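Peer 1: Here is a sequence with its predicted model. Questions after.
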Amino acid sequence: MRQSDNIRGVLAAEPDFIGYIFYPKSKRYVGENPTMEIFDLVPESTQKVAVFVNETVEQVQRICKQFTIAFAQLHGNESPEYCRQIKHAGIRVIKAFAVDQNFDFKSLNAYQTEVDYFLFDTKGKLPGGTGLKFDWSVLENYQLSVPFLLSGGIGPDDEAALNAFAHEQLVGLDINSGFELEPALKDEQKVKAFVEAIRS
């Protein structure tokens, strides 16, 4: 997100997290010099997340420090060692993985001690943002203790399916294009209604 008024509207839903894209190739990129206001208006009850793709460790640290961002969400080919360095700098780590029917969950073992959350997204040609769902049943193969966030094409009509989906390590949802009027501009009413429905 990158517009102050839109962020205020979304914050009315009291989300647990709010994300800012620091990937220049993304349609949702916050820009080279985002205004401090879009970060400062977020209350302590909502955690700020900076999203990166194969960024340097130094740049991740600089951005998170500059904008007082607690979490780095990593959507590239970041290694366990990379994640360790980010976490060692006092930044909490969400490591995203693109999942399909052939995903090998054993590949996550080396990340267990280096991340705070995993995020499971739909596999596509580019990092994140496919707008498509994957078959959530593959997550039955996930047996690690690290909690995860579910992403990938979640929309306002998925409330019943999400409430029916049960996994003991699922702790949150990452919603994006299904709740947008245009890239980086959220439909505030849809977000609020969805959050209320999921929490009820």
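Peer 2: Sure thing, it's come through. Numbering: from 1, shown residues only.
Peer 1: quick one: least confident helix or strand in the chain?
Peer 2: Taking mean pLDDT, DSSP states H and E as the measure, the helices and strands of the chain show their lowest mean at helix 159-164, namely a mean of 92.
Peer 1: any residues touching it, and which ones?
Peer 2: By Cβ atoms under 8 Å, 6 or more residues apart in numbering, the list of residues contacting helix 159-164 from outside reads Leu150, Ile154, Leu173, Phe194, Ala197, Ile198. Where C-beta positions appear, they are placed from N, C-alpha and C, glycine not excepted.
Peer 1: again, only this time at 7 Å
Peer 2: Contacts with helix 159-164, where a contact means Cβ atoms under 7 Å, 6 or more residues apart in numbering, come from Leu173, Phe194, Ala197, Ile198.
Peer 1: Using a markdown table, please lay out those residues together with distance to Ile63 and secondary structure.
Peer 2: Rendered in a markdown table, the data for the contacts of helix 159-164 read as follows (distance: Cβ to Cβ, whole Å; DSSP: H, G, I helix; E, B strand; the rest coil):
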| residue | distance to Ile63 | secondary structure |
| --- | --- | --- |
| Leu173 | 24 | strand |
| Phe194 | 29 | helix |
| Ala197 | 33 | helix |
| Ile198 | 30 | helix |
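Peer 1: So which of these is surrounded by the most neighbours?
Peer 2: Neighbour counts for the contacts of helix 159-164 were taken using other Cβ atoms under 10 Å; the highest belongs to Phe194, which has 23 neighbours.
Peer 1: Quick check: the closest residue in space to that residue that isn't next to it in sequence vs His88, distance?
Peer 2: Excluding the flanking residues, the one nearest Phe194 by Cβ to Cβ, 6 or more residues apart in numbering is Pro156, at 5.4 Å. Counting by Cβ to Cβ, to the nearest Å, the gap between Pro156 and His88 amounts to 39 Å.
Peer 1: List the residues that contact the residue nearest the centre of the chain.
Peer 2: With distances taken as Cα atoms, centre = their mean, the residue of the chain nearest its centroid is Asp174 (5.3 Å). Counting by Cβ under 7 Å, 6+ apart, Asp174 touches Leu119, Leu149, Leu150, Ser151.
Peer 1: What subset of those residues is buried?
Peer 2: Leu119, Leu149, Leu150, Ser151 (16 or more other Cβ atoms under 10 Å).
Peer 1: did I read that right, the first one in a strand?
Peer 2: Yes. Remark: Leu119 belongs to a strand, assigned using DSSP: H, G, I helix; E, B strand; the rest coil.
Peer 1: Quick check: beta-bridge partners of it?
Peer 2: The residues paired with Leu119 through beta bridges, assigned by DSSP bridges, are Ala96, Leu149.
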